[in-house]
Structure formats: C-alpha cells, structure tokens
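>>> Pasted the sequence and its predicted model underneath.
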Amino acid sequence: MPAPAWTYSDWIIYASGDATRLSRLRLHIQEVSNAIKSGSYSVEGRSRDLAEIQAYLTALLAREKEEATASSASSATESRAFFTRGRAL
C-alpha cells in the first residue's frame, strides 16, 4: 500500500491570520496525529522515524498557538463597529 501524502500540508500558503490557514493547520495536525497513532511512519513515499514525526507534530502545535493568536487579533480588528450619534428630525 503506498504511503499517503499529507492532504492539509498546504496550510502555509494562506495568509497569516486567515481563518482558512488556521483551519487547515488544525486538520494537518490531526492527520499527523493519526499517522502517529496508526503507526504509519512513511510520508510521501519516504520512511520516517517516529521521533522525527513527533518533533514535527510538536512544531505544528506551537505554530497553531501562534496562528490562533494572529487569527483572533485579526478578527478583533475586523469586528469593530463604528457608531455615530444621530439626531431626531
């Protein structure tokens, strides 16, 4: 059976702070976690050491925290409402 390629490794091409980037990063974290749990240590046709994949997962989790912070800061800026005082006629 051929080794599966990462489906969501393209998360990096989306703009930082973009909700799509964070969503795809989280999906990629899940697929890496599933590979570790299933014992499938070959990625894109190349055999990988378990420690290498676990280190990769650790780096992805750290990046998720950064991206979540950037995403929440971006959405807070975009969700500001501007009000003006109106007067009755």
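Here it is on my side, so go on.
>>> where along this structure do the strands fall?
Using DSSP state E, the strands of the chain run over residues 42-43, 46-47.
>>> Low-confidence stretches in this protein?
1-4, 42-45, 74-89 (pLDDT under 70).
>>> rerun that using 50 as the cut-off
Within the chain, the ranges that satisfy pLDDT under 50 run 1-3.
>>> so what's the residue most central in space within it closest to, chain neighbours aside?
Residue closest to the average C-alpha location in the chain (C-alpha atoms, centre = their mean): Leu25, at 1.6 Å. What sits nearest to Leu25 in space, not counting adjacent residues and going by C-beta to C-beta, 6 or more residues apart in numbering, is Trp11, at 4.2 Å. To be clear about C-beta, it is placed using only N, CA and C from the backbone, and glycine gets the same treatment.
>>> For that neighbour, give me its contacts.
Listed by C-beta atoms under 8 Å, 6 or more residues apart in numbering, the contact set of Trp11 reads Arg21, Leu22, Arg24, Leu25, Leu27, His28.
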